[in-house]
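> Please find the sequence and the predicted model below.
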Amino acid sequence: MVLALVVSRNRARRRIQQVQVRQTRMSETYDNHGLPRGTRIDSYVIDRTIGGGGFSIVYLAHGEDDSQVIIKEYMPRKLALRAPDGVSVLTGPESEAAESFAHGRRLFFQEASTLATIKHPNIVNVTNFFRANGTVYMVMAYEKGINLQEYIKRHGGGLSEKFIRTVFPPLLKGLKHIHSMGLLHLDIKPGNIYLRTGGNPLLLDFGAVHVMQQSRKYQPTQVITPGFAPYEQLNPGGYVGPWSDLYAIGASMRACIDGVTPPPADERRMRDTMKPATVLFRKNYSMALLAAIDWAMEVDALLRPQTVDQLVEAMDKSDPPEEPTTRESLLDLLTRDITLPWSNKG
Ligand SMILES: Nc1ncnc2c1ncn2[C@@H]1O[C@H](COP(=O)(O)OP(=O)(O)O)[C@@H](O)[C@H]1O
Ligand SMILES: [Mg+2]
């Protein structure tokens, strides 16, 4: 009976994969080009395209007062295409494309309006958002700097404990603020962490931001980044919460140290080949930092820190009492006496 269920589930999964492959092939023919230089939208003029993930395009632009801004255009690659006028956005011919596009556009708009109300020194500042060209645009203040992914790539990992302790605590303050508003980021990774030239890092790209109450529902616009997303985000019924963002924070800190993307959480759940940071990197980093990283990266959500404060506290521990000899005893040490404020919610 159980076996039959597993077999049919696998079959269903294969079918979904086949459909996804077909859709990808079809959508490869879509013309999703970015808006050309000089295009006017609302009171802004596009300067150039600087990036774009699976469902949006990011532009450098300027406003009427010549101030530089970043504009993000909702443009899901698999659902939408640029109209022949070179500016408007149309949906693809697949039967569900229009509906999915409209649903995602609604979420993008909601997210922009929520973000516009958040003012925090470590959260990207959304200054405006509007509908135009059949889609939605989000305007942010332009910040000079470099994203952490680029920075890690340049240095090949090996970033110092001092670096990690300069960048992550402020980010965790921003994250705590978001969580206190009942929101989750759900796409934290080095590419979405921005190192401003003047210091004070920023959390970017709230493309997947969730309202916690809706968190049990599967969100079709959700982006998953293997290696940084926890297991509960890889399966549609997964129970996401603050602990999910903390996994991604742990994985991002680990990437600063070893310069590579950690193995995907579903692989780790099947067979965890990832050695604890406390074992691999103890030569150059404090036990408190490494143990905090390992704790945040527990595959099982219940074994992780449940709140930002718990992770911060673990990082700040100056002198762990005794060196744990096994993974189990480390776990025991870290999870003892911890109440789970989220466990009776949702
Ligand atoms: N406000 C900003 N100021 C400067 N650069 C930015 C800003 N927002 C985004 N960027 C740059 O654009 C990249 C992509 O932005 P992001 O919001 O992560 O969109 P996406 O990943 O969906 O393309 C970032 O990694 C960063 O390098
Ligand atoms: Mg991004």
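Alright, I've got the coordinates. Ligands and ions are numbered 1, 2, ... in the order given.
> Return the residues of the stretch 51-200 of the chain in contact with ligand 1.
For the stretch 51-200 of the chain, the residues found near ligand 1 under the criterion CB under 6 Å from any ligand atom are 51-53, 56, 58, 70, 124, 140-143, 147, 191-192, 194. Any C-beta I mention is one placed from the backbone N, CA and C, and that applies to glycine too.
> And the helices in this structure, which stretches?
Using DSSP state H, the helices assigned to the chain run over residues 2-27, 97-117, 148-155, 161-180, 231-234, 242-258, 265-270, 277-280, 287-296, 308-316, 327-335.
> least trustworthy position among the residues of the stretch 51-200 of the chain next to ligand 1, going by pLDDT?
Lowest pLDDT of those: residue 53, 74.
> how many neighbours does it have?
Neighbours of residue 53 under the rule other CB atoms under 10 Å: 18.
> next one: phi and psi at it?
Backbone torsions for residue 53, taken as degrees, to the nearest 10, come to phi -100, psi -150.
> any idea how far it is from ligand 2?
According to CB to the ion, to the nearest Å, residue 53 and ligand 2 sit 5 Å apart.
> Pick the most buried one from the helices of the chain.
By mean neighbour count, with neighbours taken as mean count of other CB atoms under 10 Å, helix 242-258 ranks first of these at a mean of 25.
> now that helix: mean pLDDT?
Averaging pLDDT along helix 242-258 yields 97.
> With stretch 306-320 instead?
The pLDDT scores in stretch 306-320 average 90.
> so how far is that stretch off the chain centroid?
22 Å (CA atoms, centre = their mean, to the nearest Å).
> Now for residue 146, how many residues are close by?
When counting by other CB under 10 Å, one arrives at 12 neighbours for residue 146.
> Okay, it and residue 79: tell me how far apart.
31 Å (CB to CB, to the nearest Å).
> same thing with residue 310?
39 Å.
> Please apply the same query to residue 59.
For residue 59, the distance to residue 79 (CB to CB) stands at 20 Å.
> Next, the contact list for whatever residue of the stretch 151-300 of the chain ends up closest to ligand 2, please.
Here the stretch 151-300 of the chain gets closest to ligand 2 at one residue, residue 205, 3.6 Å apart by CB to the ion. By CB atoms under 8 Å, 6 or more residues apart in numbering, the residues touching residue 205 are 53, 124, 187, 191, 192.
> Could you rerun that using 6 Å?
Shown in contact with residue 205 (CB atoms under 6 Å, 6 or more residues apart in numbering): residue 192.
> Equivalent analysis for residue 156, please.
Counting by CB under 6 Å, 6+ apart, residue 156 makes contact with residue 259.
> repeat for residue 42
Counting by CB under 6 Å, 6+ apart, residue 42 touches residue 130.
> isn't residue 83 right up against residue 90?
Yes: using CB atoms under 6 Å, residue 83 makes contact with residue 90 at a distance of 4.9 Å.
> Name the residue in those two with the higher neighbour count.
Ranked by neighbour count (other CB under 10 Å), residue 83 and residue 90 place residue 90 first, with 19 against 13.
> May I have the beta-bridge partners of the more buried one?
Residue 90 forms beta bridges with residue 81, as assigned by DSSP bridges.
> List the residue ranges of the stretch 201-346 of the chain that fall below the pLDDT cut-off.
By pLDDT under 70, the low-scoring segments of the stretch 201-346 of the chain are 207-223, 319-346.
> Name the residue of it that lies nearest to ligand 1.
Using CB to the nearest ligand atom, the closest approach of the stretch 201-346 of the chain to ligand 1 is made by residue 205 at 3.3 Å.
> how far away is that residue from residue 44?
For residue 205, the distance to residue 44 (CB to CB) stands at 19 Å.
> Next, the contact list for residue 75, please.
56, 57.
> oh, and call the first residue 42 from now on, that's how I've got it
Sure, I'll start counting at 42 from here, so that last one is residue 116.
> That one and ligand 1, how far apart?
10 Å (CB to the nearest ligand atom, to the nearest Å).
> Distance-wise, check that residue relative to residue 243.
23 Å.
> With residue 225 instead?
Using CB to CB, residue 225 is found at 17 Å from residue 243.
> ok so, going back, neighbour count: residue 100 and residue 120, which is higher?
residue 120 (28 against 25).
> ok, how many other residues are close to residue 159?
Applying other CB under 10 Å, we find 17 residues neighbouring residue 159.
> List phi and psi for it.
The phi/psi pair for residue 159 (degrees, to the nearest 10) reads phi -90, psi 120.
> swap in residue 340?
The phi/psi pair for residue 340 (degrees, to the nearest 10) reads phi -60, psi -40.
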